[in-house]
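[1] build me a model from this:
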Amino acid sequence: MSDEPLRTHRGGCHCGRVTFEIDAPACVAVHDCNCSICAKTGFQHLIVPKDRFRLISGADHLSEYTFNTGVARHLFCKTCGVKSFYVPRSNPDGYSVNMRCMDQSTFDRITHEPFDGQNWEQHAGALKHLSKT
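    Numbering: from 1, shown residues only. This next block holds a predicted model:
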């Protein structure tokens, strides 16, 4: 995260049952991952520390999916099926929100950085700092 002042940004699933807020700078870099699940779902990662994420509504509408090591907690709306955020394996002390599920009008600049998730073990360390306050 940068030293830029934080703003509150809102996001949620397609049907609106799951809503959340994050505190993040107005200018952010999101990671476009090519791992099997991100490539199939089009997830664009903005990783934030746990204390900068607030679930506003829909806790009872979330369904969880885990695979492989079970560390990542993929959370989906039970109604519309959208994964708007999850607990990533690379940053289990934070959340990764899907930039495609954010109200992007509160951001001044969004840049995209590729992330080689197909070779996750070799590259995951580059993300560790993102969930630190």
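[2] what strands line up against the strand or helix carrying residue 23, and which way round?
    Using DSSP states H and E, residue 23 sits within strand 19-24. According to DSSP bridges, strand 19-24 has the following sheet partners: strand 7-12 (antiparallel), strand 53-57 (antiparallel).
[3] deepest-packed of these, please.
    strand 7-12 (a mean of 18; mean count of other C-beta atoms under 10 Å). For every residue, glycine as well, the C-beta is placed using N, CA and C.
[4] return the alpha-carbon coordinates of the strand holding residue 23 using CSV.
    These are the backbone C-alpha positions of strand 19-24, laid out as CSV (Å, rounded to 0.1, in the frame of the first residue of the first chain):
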residue,chain,number,x,y,z
THR,A,19,-21.9,-5.4,0.2
PHE,A,20,-18.6,-4.2,1.7
GLU,A,21,-16.3,-1.2,2.1
ILE,A,22,-12.5,-0.9,1.9
ASP,A,23,-10.1,1.8,2.8
ALA,A,24,-7.5,2.3,0.1
